[in-house]
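What follows is a protein structure lacking sequence information:
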């Protein structure tokens with residue numbers, strides 16, 4: 001089995017009771033079949049509480065006030081403390097905040113942005129992320145029929161495209177808005193070849209995006225869009241459409257909707273003035289080009305190659321692009337309301353709260369990608385106004 005991880009992967013350390021947003025509250029913790037069998041057989045004084053605090057029908061831990069039944073007043077896990085340590089965890093608790101994507105012969109593992117400690121690592125990395133590859137010959141692979149319909153040719157082209165996306169997104173000799181525009185356009189052009197059964201042309205496409213004149217073209221394109229009379233109107237319209245997508249998803253945290261409403265209110269109120277230019281001196285010192293880069297790279301690494309399962313590479317890139325823009329605008333609304341007191345902790349908090357709402361709901365991830373894939377509502381040209 002091959003493995004790929006970001007170079008900061010081993011830096012993670014759980015902050016346990018000091019965590020500002022414990023992973024044991026706010027969502028349902030599903031229990032895998034093997035752990036359920038283990039819990040049924042558990043003996044000792046803890047067994048009665050364990051059996052009472054599991055919803056055996058729903059296969060999850062019970063919650064009280066949104067908190068796991070085993071989360072104590074010190075924000076520590078009683079199951080860990082009284083059940084024998086980490087061996088008492090179910091697969092979900094043992095794995096988080098690690099996120100695993102499975103492919104034929106390859107397992108890609110990342111840290112989830114939804115964890116405050118992981119978000120601090122991801123957004124605090126000063127240089128471009130590098131990805132480490134290794135092989136574990138002793139780790140068995142899934143049965144061959146698990147990947148019976150796996151399109152290996154498509155997967156290799158997605159891997160090649162992702163390498164070029166990383167190259168573009170991490171080229172710090174260019175502003176991040178140009179990098180994001182080029183990455184979005186590359187995915188758009190790749191999708192056309194996927195849709196028309198022309199993946200044989202993918203290599204030529206990728207070579208085109210490696211050329212130096214590519215940067216000149218996108219720089220001119222963005223300048224032309226920014227100079228258009230309707231630029232700010234288009235920008236506001238696209239922002240409101242993105243937040244409308246969030247409004248059509250399921251809500252996991254009670255305080256999520258109010259924050260969305262405050263942000264939409266801010267966008268609407270700023271429609272009569274050039275908010276982007278007004279916030280450049282202060283806001284861009286908080287939400288930097290490096291911040292946007294790390295977010296884009298995080299989302300692309302985590303999800304882009306998953307297009308091998310739904311043939312929607314452009315949808316994956318739109319998901320990455322939208323996530324970065326939405327986190328930026330959620331933070332911008334907070335900064336505009338109180339510039340002097342909005343700082344890095346707010347950036348980290350905004351990122352992990354967004355991730356918790358979107359990435360930890362399969363419904364939300366699928367729904368969001370589907371909505372963003374509507375080219376009548378989210379065409380490439382209009383998305384570029386967000387940069």
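Here it is on my side, so go on. This is a predicted model, so every value here is computed, not measured.

Pull out the buried positions in stretch 40-60.
46, 50, 53-54, 60 (16 or more other C-beta atoms under 10 Å). In this view, the C-beta of every residue, glycine as well, is placed from N, C-alpha and C.

what's the straight distance from one end of it to the other?
End-to-end distance for stretch 40-60: 13 Å, by C-alpha to C-alpha, to the nearest Å.

Check the gap between residue 199 and residue 98 for me.
31 Å (C-beta to C-beta, to the nearest Å).

Revised request: answer the last question for residue 46.
Counting by C-beta to C-beta - residue 46 and residue 98 are separated by 26 Å.

what's the answer for residue 247, then?
30 Å.

Of these two, which one has the most company?
residue 98 (15 against 12; other C-beta atoms under 10 Å).

Which positions are bridged to the more buried one in the beta structure?
residue 111 (DSSP bridges).

for it, what are its contacts?
Listed by C-beta atoms under 8 Å, 6 or more residues apart in numbering, the contact set of residue 98 reads 109-112.

in the chain, which ranges drop under the pLDDT threshold?
The chain contains residues with pLDDT under 70 at 138-148, 271-280.

Sketch out the strands for it, chain order is fine.
Taking DSSP state E to define them, one finds strands in the chain at 2-6, 54-55, 60-61, 63-64, 67-68, 98-103, 106-111, 131-135.

now these in CSV, with distance to residue 370?
CSV is the format used below for the strands of the chain (distance: least, C-beta to C-beta, whole Å):
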stretch, distance to residue 370
strand 2-6, 27
strand 54-55, 30
strand 60-61, 26
strand 63-64, 29
strand 67-68, 31
strand 98-103, 19
strand 106-111, 23
strand 131-135, 28
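
Please identify which of those is closest to residue 154.
strand 98-103 (11.1 Å; C-beta to C-beta).

Go through the closest one and flag the buried ones.
Under 16+ other C-beta under 10 Å, the buried positions of strand 98-103 are 99, 101, 103.

same deal with stretch 207-223?
209, 214-215, 218-219, 221-222.

Any chance of TSV for those, columns distance to residue 304?
Listed next are those as TSV, based on distance: C-beta to C-beta, whole Å:
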residue	distance to residue 304
209	15
214	19
215	21
218	20
219	24
221	23
222	23
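
Now go through these and say which are in helices.
214-215, 218-219, 221-222 (DSSP state H).

Which of the residues you listed sits closest to residue 18?
residue 222 (42.5 Å).

isn't the closest one right up against residue 384?
Yes. Assessed by C-beta atoms under 8 Å, residue 222 is found in contact with residue 384 at 6.5 Å.

coming back round to it: among the strands of the chain, which is nearest residue 378?
strand 98-103 (24.4 Å).

now the closest one, how far from the chain's geometric center?
Taking C-alpha atoms, centre = their mean, to the nearest Å, one finds strand 98-103 lying 13 Å from the centre of the chain it belongs to.
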